[in-house]
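Asks: Predicted structure and sequence below. I'll ask about it afterward.
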Amino acid sequence: MYHSQKQTLETYKLAIEGLQGAKEFVSTPKKTRKGLKNKMVHVTYYPSVKDLCTKLAELQAAKEAGNTGLDNNINLILDELLKIEAINKND
């Protein structure tokens, strides 16, 4: 019995030694809620406040034109502008 355990441990030891040099590991995705399954998050970087304001104006124009699915994006930009103190709550 101990001989079999020793062989198994030797196998694991070799596998672990092979992984020690690896710097990147592929992780399995965590279980998500049913509504979020297989959805990707798109991140867009805006280098300046002016770019954020331009995008906000575009989203507002699209909303006024009838696109009702933009509220979250508009709120995200407004939150970011508040966070970086480009606007205050009164604005």
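Replies: Structure's in. What do you need? Just so it is clear, the structure is predicted and the values come from calculations on it, not from any experiment.

Asks: pLDDT score for Ile77?
Replies: Listed pLDDT for Ile77 reads 87.

Asks: no wait, Gln7
Replies: At Gln7, pLDDT is 84.

Asks: Checking it next. Helix, strand or coil?
Replies: helix (DSSP: H, G, I helix; E, B strand; the rest coil).

Asks: so where's this protein uncertain?
Replies: In the predicted model, the chain carries pLDDT under 70 at residues 17-43.

Asks: looking at it, which residue lies furthest from center?
Replies: Met1 (47.9 Å; Cα atoms, centre = their mean).

Asks: which SS class is Lys63?
Replies: Secondary structure state of Lys63, per three-state DSSP, is helix.

Asks: Would you quantify the distance from the residue farthest from the centre of the chain to Asp51?
Replies: Relative to Asp51, Met1 is positioned 67 Å away (Cβ to Cβ, to the nearest Å). (C-beta placed from N, C-alpha, C; glycine too.)

Asks: Work out for me the element Lys55 sits within.
Replies: helix 49-64 (DSSP states H and E).

Asks: Would you mind pulling up the elements that that helix packs against?
Replies: helix 71-83 (3 or more Cβ pairs under 8 Å, 6 or more residues apart in numbering; DSSP states H and E).

Asks: quick check: angle from the helix it packs on to helix 49-64?
Replies: Per axes from the mean of the first three to the mean of the last three Cα atoms, to 10 degrees, the angle that helix 71-83 makes with helix 49-64 is 150 degrees.

Asks: Give me the phi and psi for Glu10.
Replies: Glu10 adopts backbone torsions of phi -60, psi -40, taken as degrees, to the nearest 10.

Asks: ok, now Gly69?
Replies: The phi/psi pair for Gly69 (degrees, to the nearest 10) is phi -100, psi 20.

Asks: Tell me how many other residues surround it.
Replies: Per other Cβ atoms under 10 Å, the neighbour tally for Gly69 reads 8.

Asks: Equivalent analysis for Val49, please.
Replies: Neighbour tally, Val49, other Cβ under 10 Å: 14.
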